[in-house]
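In: can you look at this prediction? I've put the sequence above it.
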Amino acid sequence: MSVISYLEAGKRAVREEMQRDPTVWALGEDLGRGGVFGQYKGLIDEFGPERIADTPISEACIMGAAVGAAMTGTRPIVEMRFSDFALCAIDELVNQAAKARFMFGGQMRVPMVVREPTGMWRSSAAQHSQSLESWYTHIPGLVVVAPATPADNLGLLKSAIRNDDPVVYLEHKNLWPLEGEVPEGEHLVPLGEAQIVRTGRDLTLVTWSATRHSCVAAADALEKQGIEAEVIDLRTLWPWDRDRVLASVEKTGRLIVAHEAVAVSGFGAEIAATVAEALHHRLKAPVQRLGAPRIPIAYAPPLEDEARVTEKKIIDAAKALCLPVAAS
Amino acid sequence: MSVISYLEAGKRAVREEMQRDPTVWALGEDLGRGGVFGQYKGLIDEFGPERIADTPISEACIMGAAVGAAMTGTRPIVEMRFSDFALCAIDELVNQAAKARFMFGGQMRVPMVVREPTGMWRSSAAQHSQSLESWYTHIPGLVVVAPATPADNLGLLKSAIRNDDPVVYLEHKNLWPLEGEVPEGEHLVPLGEAQIVRTGRDLTLVTWSATRHSCVAAADALEKQGIEAEVIDLRTLWPWDRDRVLASVEKTGRLIVAHEAVAVSGFGAEIAATVAEALHHRLKAPVQRLGAPRIPIAYAPPLEDEARVTEKKIIDAAKALCLPVAAS
Amino acid sequence: MTIIQATLEGAGANLDTGRFTAMLDTMWRIRAFEELAVRSLDEKLVLGAIHPSIGQEACAAGICCNMEREDLLLSTHRGHGHTLAKGADALAMMRELFGRDGGTCGGKGGSMHIADFDVGMLGANGVVAANITIAAGAAHALKLRGEKRVVVCIFGDGAINRGPFLEGLNWAKVFDLPVLFVCEDNNFSATTHTAAMTAGPGAAARAQSLGLPAQTIDGNDVVAVDAATRNALAALHAGEGPQFLHCKTYRMTGHTAVDAAAYRDPAEVTRWRERDPITRLGEALRLAGVSEARLEEARTKAYAEMEEVYATARDTAWPDVAGAYRDVQDCGDPQVRPYS
Amino acid sequence: MTIIQATLEGAGANLDTGRFTAMLDTMWRIRAFEELAVRSLDEKLVLGAIHPSIGQEACAAGICCNMEREDLLLSTHRGHGHTLAKGADALAMMRELFGRDGGTCGGKGGSMHIADFDVGMLGANGVVAANITIAAGAAHALKLRGEKRVVVCIFGDGAINRGPFLEGLNWAKVFDLPVLFVCEDNNFSATTHTAAMTAGPGAAARAQSLGLPAQTIDGNDVVAVDAATRNALAALHAGEGPQFLHCKTYRMTGHTAVDAAAYRDPAEVTRWRERDPITRLGEALRLAGVSEARLEEARTKAYAEMEEVYATARDTAWPDVAGAYRDVQDCGDPQVRPYS
Ligand SMILES: Cc1ncc(C[n+]2csc(CCOP(=O)(O)OP(=O)(O)O)c2C)c(N)n1
Ligand SMILES: Cc1ncc(C[n+]2csc(CCOP(=O)(O)OP(=O)(O)O)c2C)c(N)n1
Ligand SMILES: [Mg+2]
Ligand SMILES: [Mg+2]
């Protein structure tokens, strides 16, 4: 075990996979100087400018070129800088990358990873703060990953790069400096497998990405108040680990899904609806979702904070769900 | 009352609003010749090429220009041809149109309507068949409308054009020739108001767009089998008429949401999750969703049909929900 | 590098009759295939849209005959001709149009998404200009892999007004990629005269402003298309970077097979009909000494072949519906499963 | 229409000292504002990114002084200078940067989204090149409404590699719209030398290939910028259609205020420092007879003003959090309401 940051973990994943497979390459703006957050720092020295490719500010072409390059015997890692800018390349991702294999009758595959740093990052305002993971889960052909820890960023990014279909890979900008233990040697985390971060019998908290950490903190606090929350980090949003979530809620009888994105039509709705459908008769309380209000993210800190799913909101919701009498 | 088609109703809405308000104009490819489906046929004769504006194949600019024009004292109606091509203009819609009012602190409004013909249309394949309404419901700043009848297409499109914030207006391609009664004279349908198409005490069927008609047919068939389904056509997806839906499910105790889009993270998930949360203790059966499997739409008719939510699937689901013993 | 200058009319008796008789065969095969594809609509064998390239066959034939099988081609919604010329199997293509088993894409793509990776045909595309960036990426991969193959990307005159045109050409030049871009200019974008929606001097000037050598030629002159393609591909192979061709042709049908195209000037249509690329090539071959019988054979063989293709495709079974769930992605179950 | 040809160095004693002393005031105000904005980061008054335009002030001043208040301006993430030059209130802007009550956008936009519709400033934009199509649309509306106003759209050299550049310029020309596009070329796109990612002869050639008259000028010469802008706006008003300016300048700071910009060649930085637009204008005014005191006053007044602005903004309260729910859309309740 060694302790590295979430950012370093992502870089290590890219490095290891590029060492392992000469067809892997990365493309995006400013990569030669390490990328906007330093996620690629130093890689150009090891792999050269052809495999750590600087690009023009041409998101549509970055994505479209990756589709063509993935069809032609390489495995591109696309860097979108901020997930918000991926909106400039959505046709290429949704109408091309995601559909090509199916539409062309399985003649080829489109092995590409689209890294999209996502989420709120202090005072970045409405065009640099979005979380749109639920969009991608809605699109057939896409795998969707949202790691929350250094170990998962290492192990999932490696798995994503090895995956033969397009993966939307959402790293949370606020997590870049987060440190954590990662195993020595090869570390792969399988796609589609949730992690039970903490076990508990009273309540299941399903979450992913940065909100995992708020959930864990909330669970710690709840424990002191006699509520034992099981925290499940989905890690992969599509395919999501239904079995593990359903098994947990069968045990606890209560579900809260907590995520940073807007609650309305967020991916929490999919999970809540699935659980409500599958386990209606086992639920001790209604399924519940916590997400942002349906507002753009504001710039000023106090306004920005209005959109946050905080530890406190999670605690309050959990208490309301588990102790209806006390809470009312 | 007169009987006109869904297509004619849309055209009448545009004509009436253009007559009423000289700042309303339409822009899109081929509009001068009536647009790809004929929805604008003849309007150029009445309003001239400046207000029924042919554009280059530049979806990003069509949308972006509409944003600028909406900020500058006009009310553009954007024609996206197929909702699939709106993906070429998603940055302009989501990062610009939807956010401008908020981001700029309410200094101005962006009154524009984005018409996006949507859904399956025989053998149009994966790039011309999508239903992405749930995406738009997830985006703060957007109103989302999906009419299912000529009268609603008339009354809702008029309301949409008068709305001061951007509206994504999803007409279903398969409904163009559908005929139906529309009132004489001014007919406005308020945004955000669902229609109870059919009342019933056993089951609430929530739906919109073309699937409304499958639901009504299914309800007719179910009636013969002793199941009385209440059919609610949401018409506006954001804001959706929660009160009407909740009141209905409180009465029936059973909910099926049926829509054409992919079920996973479809807007049905939002409704099912909301109802499960709000009415858990009143539900006689689990909430249920019907939508497409998570596959791109295929071209060959038998494969294409696999993605359809048919009358039969609705009937089967309704029977399973209402008569659990008989159905097993 | 010597630049070949050649035109149909200029060739006279020196026309390479072997080469161009083969082109005539190709052009007739395309014409016959598409006429039957259009006919299939009446029989309801095709339920979706068909975009014929009738009148534009010289571009497909003149370009693709210069490509190796390993070279890569990307096309558009109007791609039957390019695909046939690149060597795809006509029967598999017709089966694809009819949505049948054994179609090029197993019936999942249809007319707008025919691809045949075995012959280097990386796909028609239903989104205007989307193939441009994909082509740049395919060429990027070839360069990274150190391969000698090249990519040809054909798109319409309408595509030059979309952003990917700028982004893709700029990209190809910046990375010095082996790709030939071809604007097959048939005067129309659906029902719109493209010229009315296109500012400035046009496709070639735009390409030049992005650093690509560009040439504008008569796209109904297969000899000119052939020569220009050879020049461009030679420049590519000589390491001179991405190239651009602007081929001026005319769409003899409506935008789709059901579009009567009443918005066109009949005189314009007549003028272009007189410049039909097949007729013109036939004339030139006749002048160069090819027999009437051989010329006639080009036509009759093509129609005979395609009639048989048509009949066979029509009698082919539907694909297995389970295919609707295959080749989506390996991760995750696309089926909706009820929980009750 | 007479074309004005003018440069700082060429003007000599004929320099219009009144006009250009005012420009000097503007340029100093921008410099002072931005230096303080950068300083505010140390005090954690600004928590997001600041993109200074230090060294590029001649573009803002030279362009905007030719615009009427009613004329419309669109800018980028690097837009403080343009916005000040267009007449926005410095205190409201600083409050916006600090996210305070009374900020230009009520604290909801911040540095990258300052807009002041009262002075015709339609917004900075966080998405590179996004302002180009919006500007075309604003001009489209002006034309539809029969107004005489014009639109100026300023973007960076990196923006010319995005699709909206092509789509927006083509649009403006096709519809013959009153818009002046300005590429403020500071050599960099974030940490990348834009030239390495830009194929062909550059911004002006691209504009010309789309039918727009285009001129490339020294963007650190405010006299040249002023003259070129006047020419272009005169052409616009004379009905000659959309115009294009390519202003060559240099970004004296990193991409953001926290970027040390170690990727730059120090010699290049020195070379450009010697061409500082404020120093150069000061020299020219001195030569043309403006007193040292007046020149010094331009500087000191600017800093004094901005220090006060800074202090006042710092002491301003946060906006009411209820504002987070306002001005989203009138339809539908953005609040999440628990149902329990
Ligand atoms: C991005 C996008 N916008 C619009 C369409 C609808 N459409 C299909 S073909 C076509 C015309 C294309 O014209 P051109 O590029 O000249 O090709 P042609 O049809 O003439 O071969 C249009 C507008 C589309 N497929 N994709
Ligand atoms: C579409 C998009 N891609 C990437 C970015 C990230 N980004 C912000 S500024 C910038 C550089 C822009 O360069 P240029 O256009 O020359 O403007 P400058 O910063 O030099 O003023 C980049 C890449 C963005 N904001 N939008
Ligand atoms: Mg065309
Ligand atoms: Mg720059």
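Out: Good, I have the coordinates. Ligands and ions are numbered 1, 2, ... in the order given.
In: assign the residue positioned nearest the centre of chain C to helix, strand or coil.
Out: Central residue of chain C (CA atoms, centre = their mean): C:His82, 2.9 Å from the mean position. Under DSSP: H, G, I helix; E, B strand; the rest coil, the three-state class of C:His82 is helix.
In: confidence score at it?
Out: Looking at C:His82, its pLDDT stands at 98.
In: nearest residue to it in space, please, no chain neighbours.
Out: C:Ser75 (4.3 Å; CB to CB, 6 or more residues apart in numbering or on different chains). For glycine as for every other residue, the C-beta is placed from the backbone atoms N, C-alpha and C.
In: report pLDDT for the one you found.
Out: With respect to pLDDT, C:Ser75 scores 98.
In: and it, how many neighbours?
Out: Neighbours of C:Ser75 under the rule other CB atoms under 10 Å in any protein chain shown: 31.
In: before we move on, what about A:Leu321?
Out: A:Leu321, neighbours per other CB under 10 Å, totals 23.
In: likewise C:Glu43?
Out: A count of nearby residues for C:Glu43, using other CB under 10 Å, gives 10.
In: contact residues of chain A facing ligand 2?
Out: Counting by CB under 6 Å from any ligand atom, the residues of chain A close to ligand 2 are A:Glu29, A:Ile57, A:Glu59, A:Arg81, A:Phe85, A:Cys88.
In: mind redoing it with 5 Å?
Out: Selection of chain A residues close to ligand 2 by CB under 5 Å from any ligand atom yields A:Glu29, A:Ile57, A:Phe85, A:Cys88.
In: picking that back up, what sits against the residue nearest to the centre of chain C?
Out: C:His82 makes contacts with C:Ser53, C:Cys59, C:Ala60, C:Ile63, C:Cys64, C:Leu73, C:Ser75, C:Met121, C:Ala124, C:Ile154, as judged by CB atoms under 8 Å, 6 or more residues apart in numbering or on different chains.
In: check C:Val151 too.
Out: C:Asp71, C:Leu72, C:Leu73, C:Leu74, C:Ala135, C:Ala138, C:Ala139, C:Leu142, C:Leu177, C:Pro178, C:Val179, C:Leu180.
In: picking up where we left off before, which of the contacts of C:His82 sits closest to chain D?
Out: C:Ile154 (19.2 Å; CB to the nearest CB).
In: now the terminal residues of stretch C:245-254, how far apart.
Out: Stretch C:245-254 has an end-to-end distance of 24 Å (criterion: CA to CA, to the nearest Å).
In: top strand in chain A by residue count?
Out: Identified as the longest strand of chain A according to DSSP state E is strand A:255-262.
In: hmm, the helix or strand following that strand touching chain D?
Out: Beyond strand A:255-262 on the C-terminal side, the first helix or strand identified by DSSP states H and E is helix A:267-279. No. With CB under 8 Å from any CB of the partner chain as the criterion, chain D is not reached by helix A:267-279; the gap is at least 10.9 Å.
In: and helix A:267-279, how far out from the chain's middle?
Out: 19 Å (CA atoms, centre = their mean, to the nearest Å).
In: and the residue of chain A closest to ligand 3?
Out: The nearest approach of chain A to ligand 3 comes at A:Asp91, 19.5 Å away (CB to the ion).
In: please report the distance of the residue sitting nearest the centre point of chain A from A:Leu170.
Out: Nearest to the mean C-alpha position of chain A, counting by CA atoms, centre = their mean, stands A:Ala146 at 1.4 Å. A:Ala146 sits 4 Å away from A:Leu170, going by CB to CB, to the nearest Å.
In: who touches both of the two?
Out: A:Thr118, A:Glu133, A:Ser209.
In: out of those residues, who's the most crowded?
Out: A:Thr118 (29 neighbours).
In: count residues in the vicinity of the closest residue to ligand 3 within chain C, would you?
Out: Using CB to the ion, the closest approach of chain C to ligand 3 is made by C:Gly156 at 3.6 Å. For C:Gly156, the count of nearby residues is 24 (other CB under 10 Å).
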